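>>> coords below, sequence missing:
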């Protein structure tokens with residue numbers, strides 16, 4: 001999640017934007033901390049940075065630990081970040097349960 005200066009778009013004040021893809025952040029956008037960028041609400045809902053207008057002063061570094069279980073994250077190719085704690089990470093357990101139920105076509 002990226003924290004941004006409060007910005008009004010379509011009557012909604014946006015203060016956070018999703019930043020979940022390092023390749024997109026670093027290579028496609030060239031986004032950095034303190035940058036000035038254009039922002040839209042994709043599908044009138046999700047805040048999305050579309051273009052960097054002015055570069056910032058600091059590179060965006062990937063997180064060092066899993067926000068769910070605090071395990072040190074693995075980084076591959078400087079772009080793919082993942083939690084290696086497959087057995088005890090609550091977020092991974094929740095994902096596996098959700099996926100299992102969706103395969104069984106359980107609703108709700």
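Alright, I've got the coordinates. As the structure is a prediction and not an experimental result, all values here were calculated from the model. Residues are numbered from 1 along each chain as shown.
>>> where's residue 13, which helix or strand?
strand 12-17 (DSSP states H and E).
>>> sorry, that was for residue 98
Per DSSP H and E: helix 90-103 holds residue 98.
>>> one step back: helices or strands up against the strand holding residue 13?
When contacts are defined as 3 or more CB pairs under 8 Å, 6 or more residues apart in numbering; DSSP states H and E, strand 12-17 packs onto strand 2-9, strand 36-42, strand 46-54. (Each C-beta comes from the backbone N, C-alpha and C, glycine too.)
>>> Mean confidence (pLDDT) on the shortest one, please.
Confidence over strand 36-42 (mean pLDDT, whole number) is 90.
>>> on that earlier part again, neighbouring contacts of the strand holding residue 13?
1-8, 39, 41, 47-49 (CB atoms under 8 Å, 6 or more residues apart in numbering).
>>> ChimeraX command for the buried members of these?
Of the contacts of strand 12-17, the buried ones can be selected in ChimeraX as follows, counting by 16 or more other CB atoms under 10 Å:
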select :2,47,49
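>>> Next one: residue 40 relative to residue 19, how far apart?
15 Å (CB to CB, to the nearest Å).
>>> How far off centre is the helix holding residue 98?
19 Å (CA atoms, centre = their mean, to the nearest Å).
>>> end-to-end on stretch 80-89?
18 Å (CA to CA, to the nearest Å).
>>> Now tell me what touches that stretch from outside.
22, 62-63, 66, 68-69, 71-76, 91-92.
>>> Take those residues and write them to TSV, including neighbour count, pLDDT and distance to residue 28.
Below are the contacts of stretch 80-89 laid out as TSV (neighbours: other CB atoms under 10 Å; pLDDT from 0 to 100; distance: CB to CB, whole Å):
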residue	neighbour count	pLDDT	distance to residue 28
22	17	84	10
62	13	82	16
63	10	85	19
66	20	94	25
68	15	95	27
69	14	96	29
71	14	96	28
72	11	96	27
73	15	93	21
74	12	91	23
75	15	84	18
76	8	82	18
91	13	94	26
92	18	93	27
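>>> I am finished for the moment; much appreciated.
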